[in-house]
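*Asks:* Build me a structure from this.
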Amino acid sequence: MTLWVLKIGTSLLRGTEKLSTKKIIHNYCSCIAESKARGDQHIIVSSGAVGLGCIQLGFKDRPNNINDLQAAASVGQVHLMDLYQEYMATFGYKVAQILITRSDFSSRNCYRNASMTLKRLLDWGVLPIVNENDAIANEELLYGDNDTLSALVSTAINADQLVLLTDIDRLYSTDPKVSNEAKPITDVLNPNQLKDIESTIQKPTNWGTGGIKTKLVAARIATESGIKVHLADGRKPETLSNILQGSRGGTVFHPSPKPIGNRKSWLAHALDPAGAIEVDEGACKAIQNNGASLLLVGIRQIHGEFTANQPVKLINSKGKELARGISSLSSDSLGNSINNPTNNKNSPVVIHRDVLVLTSDLFT
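*Replies:* As a prediction, this is how the structure comes out:
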C-alpha cells in the first residue's frame with residue numbers, strides 16, 4: 001500500500017478546446033479509482049477554485065483585486081467539489097472537503113488535528129480533497145498555488161510519495177521557452193543537488209518566478225522528510241496513471257537519506273518566525289555541536305517582537321540563521337532579563353532542544 005498526495009495545479013483545471021474541466025477531473029478520478037482498487041490511499045490537494053469561480057460568474061478576465069479573487073474562489077470551490085464528488089461517486093467512492101491555510105499549521109495542535117482527521121478519512125476509504133481556504137487566505141492566491149501546502153500535508157500524514165502535476169513535462173536547467181540550451185533534469189538525487197538547482201533559479205527570469213520556484217520549495221520540504229516527489233505533466237491523461245503504477249514520469253526528486261522527523265519538519269517549514277534571537281558564540285557551539293537547548297545566558301540581543309510560545313529564528317552576530325524554535329518567553333521578558341542580568345539567579349531554558357531544529361539539519 002502506498003500513500004500518495006496528488007497536487008493538481010490551477011492551469012490543469014482550466015480546461016482546453018480538446019479537454020473540458022469536467023473531462024480532466026473525470027480522468028484524474030478514474031486514475032485514482034484504479035489505484036485505490038490496488039489498495040493504495042490518496043489525498044488530493046486541488047487548486048482551481050478561483051478559475052472555476054470566474055467561469056461560473058462569467059468573467060472574461062481573471063480579477064487582479066485580492067477581494068475579488070477571494071470572492072470568486074468562494075463560488076468556484078463549490079463547483080470544484082461538486083465535480084470531484086460526482087465523478088468519484090461513479091467509481092463508488094466518497095470525497096471529503098478540507099479547507100485550511102498555512103497559518104492553521106502554525107499551531108501544533110491544529111497540525112496534529114489535521115493529520116488525525118486526514119488519516120481517519122483514509123481509514124474510512126474516503127478521498128480527502130484539500131484546498132487552501134482561498135476566501136480568507138491570500139498567500140496561495142498570489143504566490144504558492146498550493147505547492148507548499150501539498151508538501152506540508154505530505155509531511156503531516158507521513159505520505160510515501162508526492163506528485164506535483166503541472167503544465168510542464170519536467171524540470172529543466174533553465175526556461176526551455178526562452179533558451180535552446182535548456183537541459184532536462186530527470187533525477188534530483190539528493191538535497192544538495194536540489195539546493196544547487198534552487199540557487200540557480202534565484203535570478204530574475206520568467207523561469208525563476210512563481211511556479212517552478214514554489215514547486216522546488218515543495219520538493220525540498222517533502223524530500224527532507226523522506227518523501228519521494230514527482231514533477232510531471234498533468235496535461236497528459238496517462239501521466240498520473242503511469243506514476244501510480246510505478247512508472248517514471250517527468251522529474252523524480254529522491255528522498256533524503258537522512259530524513260528529519262515530523263516535528264522538525266513542522267518547526268522548519270510550517271511556522272513563520274515572529275522574530276529573531278541573536279546568540280553568542282558559546283551558545284552557537286553548544287546548540288550546533290552538542291544538541292543543547294538555548295539558555296538565557298547565551299542570548300545577546302532580541303530582534304522584533306514576539307509572545308511566549310511563538311516561533312523565532314536563532315541567528316549569530318552576523319545575522320546568519322542557525323536554527324528555529326519555539327521561545328518559552330516573550331521578547332519583552334527576554335529584553336528585561338538581558339538588561340537586568342543581576343535579577344537572573346539561574347539561567348532558564350528559553351528554547352528547549354525538543355522544539356528546536358538546526359538549519360544544518362536541512363539540506364544534508
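
*Asks:* hang on, Leu69 packs against Ala135?
*Replies:* No. Judged on CB atoms under 8 Å, Leu69 makes no contact with Ala135 at a distance of 9.5 Å. C-beta coordinates here come from the backbone N, C-alpha and C atoms, glycine included.

*Asks:* Same drill for these two, tell me which one is more crowded.
*Replies:* Set Leu69 next to Ala135 and count neighbours by other CB atoms under 10 Å: Leu69 wins out with 20 against 17.

*Asks:* quick one, what contacts the more buried one?
*Replies:* Contacts for Leu69 (CB atoms under 8 Å, 6 or more residues apart in numbering) come out as 50, 62-63, 134, 141.

*Asks:* where does it land on pLDDT?
*Replies:* Model confidence at Leu69, expressed as pLDDT, equals 89.

*Asks:* Now Asn262: phi and psi?
*Replies:* Phi and psi for Asn262, reported as degrees, to the nearest 10, are phi -60, psi -40.

*Asks:* and the closest residue in space to it that isn't next to it in sequence, helix, strand or coil?
*Replies:* Spatially, and ignoring its direct neighbours in sequence, Asn262 is nearest to Thr155 (6.4 Å; CB to CB, 6 or more residues apart in numbering). Of the three states, Thr155 takes helix under DSSP: H, G, I helix; E, B strand; the rest coil.

*Asks:* For the contacts of Leu69, give me a markdown table that also has pLDDT, distance to Gln97 and neighbour count.
*Replies:* Below are the contacts of Leu69 laid out as a markdown table (pLDDT from 0 to 100; distance: CB to CB, whole Å; neighbours: other CB atoms under 10 Å):
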| residue | pLDDT | distance to Gln97 | neighbour count |
| --- | --- | --- | --- |
| Val50 | 89 | 16 | 25 |
| Arg62 | 88 | 23 | 13 |
| Pro63 | 89 | 24 | 16 |
| Asp134 | 75 | 13 | 25 |
| Leu141 | 51 | 18 | 20 |
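
*Asks:* Need the CA coordinates for the helix or strand hosting Leu6. PDB is fine.
*Replies:* If you go by DSSP states H and E, Leu6 is part of strand 3-8. What follows is strand 3-8, C-alpha atoms only, in PDB (Å, rounded to 0.1, in the frame of the first residue of the first chain):
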ATOM      1  CA  LEU A   3       0.000   6.700   0.500                       C
ATOM      2  CA  TRP A   4       0.000   9.300  -2.300                       C
ATOM      3  CA  VAL A   5      -0.500  13.100  -2.100                       C
ATOM      4  CA  LEU A   6      -1.500  14.400  -5.500                       C
ATOM      5  CA  LYS A   7      -1.300  18.200  -6.200                       C
ATOM      6  CA  ILE A   8      -3.300  19.400  -9.200                       C
END
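
*Asks:* quick one: average pLDDT of stretch 260-269?
*Replies:* Averaging pLDDT along stretch 260-269 gives 88.

*Asks:* go on, stretch 117-132?
*Replies:* Stretch 117-132 comes out at a mean pLDDT of 97.

*Asks:* Good, wrapping up.
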